[in-house]
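Q: sequence first, then the predicted structure, then my questions.
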Amino acid sequence: MKFIALTSFFFICLISFSFQEELSQFIVNGENANIQDHPYMVNIASTGFSYCGGAILTQRSVVTAAHCLLGVLSRPFLVTATVGSSYRNGRDGQSYRALRLFSHPDFVYPPYVNDIAIIRTTTRIQLSSFVQPIPLAGYDYIGINVSGIFTGFGVSGYGPILVRLPNQLQKMNTTTISNDECREKYKVTDRYDWVVDQKLCVISTPRTSVCAMDSGGPLVINGELAGILVWRIFPCGDELPDVFVRISAVRQWINSVLL
């Protein structure tokens with residue numbers, strides 16, 4: 001997603017899909033999901049506004065996209081991570097305030113290279129059957145036709161003026177495609193050269209995709225965190241792939257800041 005002002009980056013998630021060439025992240029035409037099936041899922045908010053997803057890695061560490069933290073890196077006290085809830089409003093869950101925010105030192109925005117960040121919480125995340133860390137995928141390259149699942153609290157539908165924010169966590173099934181195929185599909189835009197080797201592209205069922213406020217959310221393959229959502233092109237729900245950063249490409253840096 002293209003941010004207009006760093007100081008108001010989380011509000012841009014609501015309006016950027018109005019522009020044809022803006023990037024956006026939310027699940028359109030997904031299915032309701034329950035947190036007990038995805039206990040690693042995190043809902044990230046700033047000043048009470050939920051705008052990105054993430055995943056629990058340890059009791060002090062949450063992973064998300066670096067672009068989700070633009071504008072607040074020096075103000076971690078503004079950021080909270082809510083876990084253990086199937087609902088956007090955090091009902092029945094627990095919220096943890098950020099102590100420190102770590103953005104990959106080689107993050108480039110755009111084209112969203114090394115778009116990965118770690119939120120270190122002020123206190124330890126209390127684990128339960130609804131709150132669990134997820135293991136990182138290994139360094140092996142994930143090929144084509146591999147099934148996965150993505151979860152998020154982003155907008156589930158939109159019109160010319162209004163958007164629909166789901167109260168319940170959404171999920172969608174995904175299938176990986178090659179980066180060559182991904183670049184070919186994106187040749188209809190000016191973003192095809194953003195699909196570099198460290199990116200992982202997926203497709204889903206027709207008219208189902210991510211969109212605004214799903215950024216930073218987890219792509220899980222075989223029970224491991226394989227990718228973090230970084231971008232797609234509007235309109236959501238079209239035939240263009242959703243693009244993630246490969247965990248295998250940034251795992252070394254992630255491990256260097258985990259606590």
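A: Structure received. Residues are numbered from 1 along each chain as shown.
Q: every contact and neighbour count from this point should use C-alpha atoms.
A: Fine.
Q: average model confidence for stretch 36-45?
A: Across stretch 36-45, pLDDT averages out at 98.
Q: quote the end-to-end distance of that stretch.
A: Stretch 36-45 has an end-to-end distance of 21 Å (Cα to Cα, to the nearest Å).
Q: what are the buried residues along it?
A: Within stretch 36-45, the residues that count as buried by 16 or more other Cα atoms under 10 Å are Q36, H38, P39, Y40, M41, V42, N43, I44, A45.
Q: quick one: contacts for V146?
A: Contact analysis of V146 by Cα atoms under 8 Å, 6 or more residues apart in numbering lists T175, T176, I221.
Q: same deal with V113?
A: So V113 contacts D106, F107, Q198, V245 (Cα under 8 Å, 6+ apart).
Q: and the second one, how close does it get to W253?
A: F107 sits 12 Å away from W253, going by Cα to Cα.
Q: now do G154
A: From G154 over to W253 the distance is 27 Å, taken as Cα to Cα.
Q: which of those two has more neighbours?
A: Legend: neighbour count by other Cα atoms under 10 Å for G154 and W253, higher for G154 (33 against 17).
Q: which strand or helix spans the more buried one?
A: Assessed by DSSP states H and E, G154 sits outside every helix and strand.
Q: my guess is it contacts F49. True?
A: No. In this structure, G154 is not within contact of F49 by Cα atoms under 8 Å, at 11.9 Å.
Q: just the strands in the stretch 151-259 of the chain please.
A: Secondary structure of the stretch 151-259 of the chain (DSSP state E, counting those that start in this stretch): strands located at 157-158, 163-164, 170-177, 199-203, 218-221, 224-231, 242-246.
Q: distance between the fourth one and the chain's centre?
A: It stands for strand 199-203. Put simply, strand 199-203 sits 13 Å off its chain's centre (Cα atoms, centre = their mean, to the nearest Å).
Q: pairing partners for it, with directions?
A: Strand pairing for strand 199-203, using DSSP bridges, gives strand 170-177 (antiparallel), strand 242-246 (antiparallel).
Q: can you tell me what sits against the first one?
A: By that I understand strand 170-177. If you take Cα under 8 Å, 6+ apart as the criterion, strand 170-177 is touched by 27, 30-33, 143-154, 200-205, 208-209.
Q: same thing with the last one?
A: Residues from elsewhere that reach strand 242-246, judged by Cα under 8 Å, 6+ apart: 113-116, 195, 198-203, 209-210, 219, 226-232.
Q: try it again with 7 Å
A: 115, 198-203, 209-210, 226-232 (Cα atoms under 7 Å, 6 or more residues apart in numbering).
Q: for it, buried residues please.
A: Buried residues in strand 242-246, counted by 16+ other Cα under 10 Å: D242, V243, F244, V245, R246.
Q: again with stretch 166-184
A: Across stretch 166-184, burial judged by 16+ other Cα under 10 Å covers 166-179, 182-183.
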